[in-house]
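A.B. asks: From the sequence below, what's the structure:
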Amino acid sequence: MNKRWSWLLLSLLFSVNAHAQLYKWVGQDGKVTYSDTPPPSSVKKVEEKAITAAPVTANLPFELTKAMKAQPVTLYTTNKCNACDSARSLLNTRGIPYAEKTVNSNEDIARLQQVGGDKQLPFLTVGRNKLSAFEAETWNTLLSNAGYPESSLLPASYRNPPVQAAAPKKVAEPQTSAAPAKEAPSDSLPAAGNAPPGFRF
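C.D. replies: Here you go, the predicted structure:
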């Protein structure tokens, strides 16, 4: 393989998992700034967002891409949970692309209940279908009925999206000052005689 194709292949492999950090802040002058570099230390309120490239489905087999789009899979887990580890292992072994959300706080529990789960983990959503607790046979049946292949068709380079909390933390709203805003001084002179207001010679 010539060098040009080697570099192209190598760059494609590394671009699959590209992600970036985005910062948003409001300066003292009221100007909103977006940047990929952290703001100055004088800024008190900063919104931080991780931007991750969506999984590349162009290199996935048609059957798998079709199932992913029609019936996306989300796994809800928690720390120190053997059943969660078994569920994750089943999905990885079978080659199921999935998003994992962790349930570790009261906000996460509330979010889990909003999507239809109870407090029993792991919890799996496949499209609109939901399963609580881990039972390998039941999970395999649901995944097969959703159109996912019986054995892994994922390329070795595929990576699932990063694990996130079920209820991502919100950034606190900025404090508003109690003092009323002063009007900016006008550089226009008062109208002379019977000229309309704002008219200037």
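
A.B. asks: nearest spatial neighbour of residue 149, skipping sequence neighbours?
C.D. replies: residue 63 (5.7 Å; Cβ to Cβ, 6 or more residues apart in numbering). Where C-beta positions appear, they are placed from N, C-alpha and C, glycine not excepted.

A.B. asks: I misspoke; the intended subject was residue 153.
C.D. replies: Nearest residue to residue 153, sequence neighbours excluded (Cβ to Cβ, 6+ apart): residue 61, at 4.6 Å.

A.B. asks: Could you count how many residues lie near that neighbour?
C.D. replies: By other Cβ atoms under 10 Å, the residues close to residue 61 number 14.

A.B. asks: same question, the one 10 residues further on
C.D. replies: Neighbours of residue 71 under the rule other Cβ under 10 Å: 18.

A.B. asks: How about the contacts made by it?
C.D. replies: Shown in contact with residue 71 (Cβ atoms under 8 Å, 6 or more residues apart in numbering): 126, 127, 129, 146, 147, 148.

A.B. asks: What separation do you get for the third one and residue 123?
C.D. replies: By that I understand residue 129. For residue 129, the distance to residue 123 equals 12 Å [Cβ to Cβ, to the nearest Å].

A.B. asks: any low-confidence regions in the chain?
C.D. replies: 1-21, 46-58, 170-201 (pLDDT under 70).

A.B. asks: Residue 137 sits in which helix or strand?
C.D. replies: Per DSSP states H and E: residue 137 is located in helix 136-145.
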